[in-house]
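Peer 1: Next comes the sequence, and after it the predicted model I'd like to discuss.
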Amino acid sequence: MAPVALPILPSIKDTVAPKKDTLGLPEAARKRFEKAGIDLSAGYPYRPAKPIYLDDVYNVRDHDRPFTDPGSRADPAKKALLSAATEVIHLTAHIGTEIKGLQLKDLTDQQKDELGLLIAERSVVFFRDQEITPQEQKKLGEWFGEIEVHPQAPSVPGVPGTTVIWPALQATEVAPNFRNPGGASRWHTDLVHERQPAGVTHLFNDTIPSIGGDTLWASGYAAYEKLSPGFRKLIDGKEAVYRSAHPYLDRNNPTAGPKYIERVHPLVRAHPATGWKALWVNRAMTVRIAGLDKAESDLILGYLYDVYERNVDIQVRFKWTQNTSALWDNRITIHNASWDYEGNEPRHGTRVTALAEKPYFDEKAPTRRQALGIAGPDE
Ligand SMILES: [Fe+2]
């Protein structure tokens, strides 16, 4: 099938700082790509041919692959990483840490393992003022697992697996508005429908609006801990159906309309590096709890989403600055990108996602608070 015609930038040379309604590649991104030797002559970004049929997409990575979490082999003290930093700032008590004084592209193997553990413990870790090419970003991502190459998401030309996160581009397909900001502006986590779903995602933003455009993350460890021990027993070991963000068609019944990739995974999972239990649901892509009637499943899932999304003490809201990296673990978080800038200024970045293990439930796994010795008597 021929690639779907999509807007191609007229000429990269002619682009200036983008104005509203002008889809020019932001200057900072262009400079970064030119320095990295990215060939922009055929347009930007690269768009793979869009797959139509469900079975073709089901066959992508539909087999077990070995996975070892780098955080599981790290020194728990994480001295190589933390002592090399000039500052380590915990942004909230339960989630989010900012590290200063380090360049991600220069981390040693030991530091990368320790970063894996820090992400597993703190859920999301930030590094400002990074100098990192798309190629280096991909290389770092490979340390955390097999890089996801999306069947239809736009990517940096010549660097498969570096997904372009550019709301202005997305808006050319589905126009957002204040009341329906769409896309990433709702609570979700990435790539839950994969056989081995996403682990660490690294989003590097080279261009951010002067006001707004924050991203929020919530902790899946803490969402689980918000549940009473009795309620935890109800959902422990249960499985749910998770679906893809993108729709496809059934080859044998294309007129039946859009269908999604669906896979069954545990509702509560254990993290292989920390060993802690986390709630693993998200409102955007969890279809139903397996084995329950729809009404029962809707009721329980609705409650779980509320717990996850509404407790501000288990969330971090991050204000980006240009050239900042966020590395988060999709196994233990949901996230939400605020579209309060309403497209009036550009926001642009590249994302690399490492796929992790097949999700598993471990009855004996502790909660984070139990493991850290901070759980109260009724926890
Ligand atoms: Fe996302």
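Peer 2: Great, that's in hand.

Peer 1: Okay, the closest residue to residue 194 other than its chain neighbours and residue 198: tell me how far apart.
Peer 2: Distance criterion Cβ to Cβ, 6 or more residues apart in numbering; nearest residue to residue 194, sequence neighbours excluded, is residue 355 at 6.1 Å. To be clear about C-beta, it is placed using only N, CA and C from the backbone, and glycine gets the same treatment. Using Cβ to Cβ, to the nearest Å, residue 355 is found at 6 Å from residue 198.

Peer 1: Show me the common contact partners of those two, please.
Peer 2: The contact sets of residue 355 and residue 198 overlap at 148, 191 (Cβ atoms under 8 Å, 6 or more residues apart in numbering).

Peer 1: show me what contacts the residue nearest to residue 194?
Peer 2: Residue 355 sits in contact with 61, 65, 67, 145-148, 191, 194, 196-199, where contact means Cβ under 8 Å, 6+ apart.

Peer 1: what do you get for residue 183?
Peer 2: 167, 170, 174, 176, 337, 339.

Peer 1: who touches the first one in this structure?
Peer 2: Looking back up the chat, that one is residue 167. Residue 167 makes contact with 176, 183, 184, 339, 343, 347, according to Cβ under 8 Å, 6+ apart.

Peer 1: ok, so what distance separates it from the ion?
Peer 2: Distance of residue 167 to the ion, given as Cβ to the ion, to the nearest Å: 12 Å.

Peer 1: same thing with the fifth one?
Peer 2: As for residue 337, its distance to the ion is 7 Å (criterion: Cβ to the ion).

Peer 1: How about the second one?
Peer 2: For residue 170, the distance to the ion under the criterion Cβ to the ion works out to 12 Å.

Peer 1: what's that residue sitting at in phi/psi?
Peer 2: Here is the backbone geometry of residue 170 (degrees, to the nearest 10): phi -60, psi -40.

Peer 1: go on, the third one?
Peer 2: According to degrees, to the nearest 10, the main-chain angles of residue 174 amount to phi -130, psi 110.

Peer 1: Could you do the fifth one as well?
Peer 2: Its backbone dihedrals place residue 337 at phi -100, psi 120, with angles given as degrees, to the nearest 10.

Peer 1: what sits against it?
Peer 2: Taking Cβ under 8 Å, 6+ apart as the test, what residue 337 contacts is 183, 184, 185, 213, 214, 215, 216.

Peer 1: mind redoing it with 6 Å?
Peer 2: By Cβ atoms under 6 Å, 6 or more residues apart in numbering, the contact list for residue 337 reads 184, 185, 215.

Peer 1: Please name the nearest non-neighbouring residue to it.
Peer 2: Once flanking residues are discounted, residue 337 sits nearest to residue 184: 4.0 Å by Cβ to Cβ, 6+ apart.

Peer 1: pLDDT at that neighbour, what is it?
Peer 2: Per-residue pLDDT puts residue 184 at 87.

Peer 1: just checking, it is part of a strand?
Peer 2: No - counting by DSSP: H, G, I helix; E, B strand; the rest coil, residue 184 falls outside a strand, being coil.

Peer 1: rewinding a little: which of the contacts of residue 337 come close to the ion?
Peer 2: Contacts with the ion within the contacts of residue 337, counted by Cβ under 5 Å from the ion: residue 184.

Peer 1: all helices of this protein, in order?
Peer 2: Listed in chain order, the helices of the chain (DSSP state H) span 27-35, 54-58, 79-82, 109-122, 134-143, 167-170, 220-225, 229-235, 294-310, 368-372.

Peer 1: on that earlier part again, beta-bridge partners for the residue nearest to residue 194, please?
Peer 2: Beta-bridge pairing for residue 355 (DSSP bridges): residue 146, residue 198.

Peer 1: and what of residue 317?
Peer 2: Here residue 317, judged by DSSP bridges, has bridge partners residue 216.

Peer 1: any idea of the pLDDT on it?
Peer 2: If you check residue 317, the pLDDT there is 98.

Peer 1: Equivalent analysis for residue 172, please.
Peer 2: 88.

Peer 1: Distance of it relative to the ion?
Peer 2: Going from residue 172 to the ion by Cβ to the ion gives 19 Å.

Peer 1: next one: residue 275
Peer 2: In this view, residue 275 and the ion are 26 Å apart by Cβ to the ion.

Peer 1: Quick check on that residue: phi, psi?
Peer 2: Dihedral pair for residue 275: phi 80, psi 10, per degrees, to the nearest 10.

Peer 1: which ones are touching the closest residue to it other than its chain neighbours?
Peer 2: Counting by Cβ to Cβ, 6+ apart, residue 365 is the residue found nearest to residue 275 once chain neighbours are left out, at 5.5 Å. Neighbouring residues of residue 365 by Cβ under 6 Å, 6+ apart: 270, 275, 277.
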